[in-house]
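Peer 1: Please work out how this folds:
(chains A and B)
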Amino acid sequence: MSRSSVAGMIELEGLTKRYGEKVAVNNLSFTVRPGIVTGFLGPNGAGKSTTMRMILGLDHPTAGDVRIDGKHYQQLKDPLTYIGALLEAKAWHGGRTAYNHLLCLAQSNGIPRGRVREVLDTVGLTAVAKKKTKGFSMGMGQRLGIAAALLGDPRILMFDEPVNGLDPEGIHWIRTLMKSLAAQGRTVFVSSHLMSEMALTADHLVVIGQGRLLADTSMADFIARNSRSYVRVRSPQRERLLDVLHQAGIVAVESGEGVLEVDGGKAEHVGELAAQHGITLHELSPQQASLEEAFMQLTAGSVEYHAHSEPSPEPPGQQWGDGWKRG
Amino acid sequence: MSSPQPQMPPAAPTWEAAHGSSYPGYTSPIPVVRTHLGHALASEWTKIRSVRSTMWTLGVFVLLVIGIGTLTGVVVANSDPALSGESPLGLGFFGLLLGSMCIITLGVLTTASEYGTGMVRTTMVACPSRGRVLAAKGIVFFLVAFAVTLVSASLVAFLHVAMLEGQGTKDPSGGEWLRGTVGISAYVALLGLLSLAIGSIIRHSAGAITIMIGAVLAPLVIALFMFSESLRGVRDALFEYSIPSQLSVFYSTPGSNSLSSSGPSGWDPLWILLGATAVAFAAAFALLEKRDV
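Peer 2: Numbering: from 1, shown residues only, chains lettered A, B, ... in the order given. Below you'll find the model as predicted:
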């Protein structure tokens, strides 16, 4: 098989997964391309892991199709040298050593034994190679999972929530790793529920909520479109200020309690105008809506698990970051 | 933990413009290998030898077969009537009956434990041909179980013959030797293989082990409670086809001492179990393809 004609694309077409009544993934279509880091973003329970499992042929789609360079995962003759995947944490037998875990994976794909040592070294687990994995911390577990993904030196890499459980140093390491993997021309597809994390690593962004595609855009576009900058102005002479701004061709929106928001305006410009007309200002501050807010707005209608405002018994499965909908 | 460097796999990356595409691709220096059953076998061999449960179950098995075998030998050798006119090989039965529980457990664990730990997803990503994974597991397990059983059963057989020599026992014929060593080992290993298939179907270690131990013990126990004369036929069938009874067939000498006098004889139990295992494997293969991992 000639590799040179293949690019390392993951293509989803109308991918759907239903569990009984519940639709986990709903008609997803998008393409993951090589050479960049593609972020796969969505709140908890949005269907990210299910989608990744379908890409890897673990779950059968109810409808639709997903192909890797035109092939189904099952048709790959050399899966680990083609795609490396970090699935949910600790998908292995805790009684086996890190070395033996990687060795059995290497053998299953005819990967030279020497690679096991190499990847253990890459992820920094050489010192615990002969230790049973059940004693591993979450961060070490993530590193072992990443080692397994890198084992076949594959052209496509998929990471499901890779920064979970990593310390700041580990998070920095995985960011750099993903970027350098993409810079080598590989396809890097990484899921996360943290917009801030994606903003730092991803070049392209696919956002889903309740299994549906919400956005498929480059990171730069997403930032340009969603990180709205505006000037917040408060004045006792609100009406006069509105007139003055209007005459100067500046659009201002009222946002309650005497506050005006001037979209895209410069604080200096607004201040100077107010001074010229002798208008008193109580507040004049440049503001930037965060990407996190933009993400929350985008997924607001599709957050599956969210906390209640009143103190109530914790719902089962509540996780960090569930409070989004409250805002 | 040592401080990891955000380094790349050592080989220099090769930039390459893919034909007919504006995207660059990555080509690994690692040779591309078309995977086959041999790779899966090597992988499963590493898996089975690298977990403690294999050592435990097989260790206890050897201990039971040889320990109980030796004890029975000593007791029989010191009792007065001994085994006049019978083959001493039959004394291995008790150890192997108990030992088969260990083989059943190991068989179930070979498949079901991967579902408990989540390893199965890693396995199926590495080898998306699910049938190949199950076949490799079956082959590796069967060979290990057969080899260990054969060595233990043969050792006990020689021991018994040596211990009871000159006490009026019958010298076992070649056919009896074959059934009492190779035959019984194939049967016990096959019982483990059936457990492996059940483990793959049930996907839960404790559940599958319970089912298998129930299958071994229940027919005998149920038969014991069938007092009524009208149930005689059912009772006899349960008795004759129960696994302990079929196990004893491998030690029977013509016209004597299997647990029941009618029912399967000779190599029949092996063919019956082979059929049952084939059916279980067909179901396991079908379900493996159909279900999500």
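Peer 1: Run through the stretch 1-150 of chain B and note the low-pLDDT ranges.
Peer 2: Within the stretch 1-150 of chain B, the segments meeting pLDDT under 70 span B:1-25, B:80-84.
Peer 1: any chance you could map the strands in chain B?
Peer 2: Taking DSSP state E, the strands of chain B run over residues B:14-17, B:24-27.
Peer 1: What residue in chain A is the furthest from its centre?
Peer 2: In chain A, counting by Cα atoms, centre = their mean, A:Gly278 sits farthest out from the average C-alpha position, at 48.4 Å.
Peer 1: ok, now how distant is it from chain B?
Peer 2: 58 Å (Cβ to the nearest Cβ, to the nearest Å). Every residue, glycine included, has its C-beta placed from N, CA and C.
Peer 1: can you confirm that residue is in a strand?
Peer 2: No - A:Gly278: not assigned to a strand; according to DSSP: H, G, I helix; E, B strand; the rest coil it is coil.
Peer 1: Just the pLDDT for it.
Peer 2: Per-residue confidence (pLDDT) for A:Gly278: 91.
Peer 1: Over to A:Glu310?
Peer 2: pLDDT, A:Glu310: 47.
Peer 1: ok, now which ones touch the residue sitting nearest the centre point of chain B?
Peer 2: For chain B, B:Gly192 is the residue whose C-alpha lies nearest the centre (Cα atoms, centre = their mean; 2.1 Å). Applying Cβ atoms under 8 Å, 6 or more residues apart in numbering or on different chains to B:Gly192 gives the contacts B:100, B:103-104, B:106-107, B:141-142, B:145.
Peer 1: Filter the residues you listed down to the ones in helices?
Peer 2: By the criterion of DSSP state H, membership of the contacts of B:Gly192 in helices covers B:100, B:103-104, B:106-107, B:141-142, B:145.
Peer 1: Please identify which of those is nearest to chain A.
Peer 2: B:Leu106 (13.7 Å; Cβ to the nearest Cβ).
Peer 1: OK, contacts around that closest one?
Peer 2: Contacts of B:Leu106 (Cβ under 8 Å, 6+ apart): B:53-54, B:57-58, B:141, B:145, B:192.
Peer 1: all strands for chain A, in order.
Peer 2: For chain A, the strands defined by DSSP E occupy A:10-19, A:22-32, A:37-41, A:63-68, A:83-86, A:156-160, A:187-192, A:204-209, A:212-218, A:229-234, A:252-254, A:259-263, A:283-288.
Peer 1: The ones you listed: which one's closest to B:Lys137?
Peer 2: strand A:83-86 (21.6 Å; Cβ to Cβ).
Peer 1: and the closest one, how far out from the chain's middle?
Peer 2: Here strand A:83-86 shows a centroid-to-chain-centroid distance of 16 Å under the convention Cα atoms, centre = their mean, to the nearest Å.
Peer 1: Next one: the closest residue to chain B within the stretch 101-250 of chain A from A:Lys90, what distance?
Peer 2: For the stretch 101-250 of chain A, the residue positioned closest to chain B under Cβ to the nearest Cβ is A:Gly124, at a distance of 2.9 Å. Distance, A:Gly124 to A:Lys90, using Cβ to Cβ, to the nearest Å: 18 Å.
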